[in-house]
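1. Coordinates only, no sequence provided:
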């Protein structure tokens, strides 16, 4: 996985590097290095992110709730 695809996957999943660091329980600096291309993205992580990104691409959020507000 390229650093560009890594960033693209995070966008599709709607995760920031902080979110994925929390999910993986790893250092934010490592994820920033992956995103910058300074570290190689492990194959297992790449496969997992691709799967999540493809699911999010195939199932975007419903638009029927766009602009919803509380009645209170």
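-> Alright, I've got the coordinates. All values derive from a computational prediction rather than experimental measurement.
2. How many residues are close by residue 31?
-> Using other Cβ atoms under 10 Å, residue 31 has 23 neighbouring residues. Heads up, the C-betas are built off the backbone N, CA and C, glycines and all.
3. Report the secondary structure element holding it.
-> Per DSSP states H and E: residue 31 is located in helix 28-36.
4. what sits up against that helix?
-> Identification of contacts with helix 28-36 by Cβ atoms under 8 Å, 6 or more residues apart in numbering yields 3, 6-7, 10, 17-18, 20-21, 24, 39-41, 45.
5. Spatially central residue for this protein, please.
-> By Cα atoms, centre = their mean, the chain has its centre lying nearest to residue 10, at 2.2 Å.
6. residue contacts, it?
-> 16-17, 20, 35, 49.
7. pLDDT at it, what is it?
-> Per-residue pLDDT puts residue 10 at 96.
8. pLDDT weak spots in this protein?
-> For the chain, no stretch is flagged by pLDDT under 70.
9. for it, what spans make up the helices?
-> 3-13, 17-24, 28-36, 43-58 (DSSP state H).
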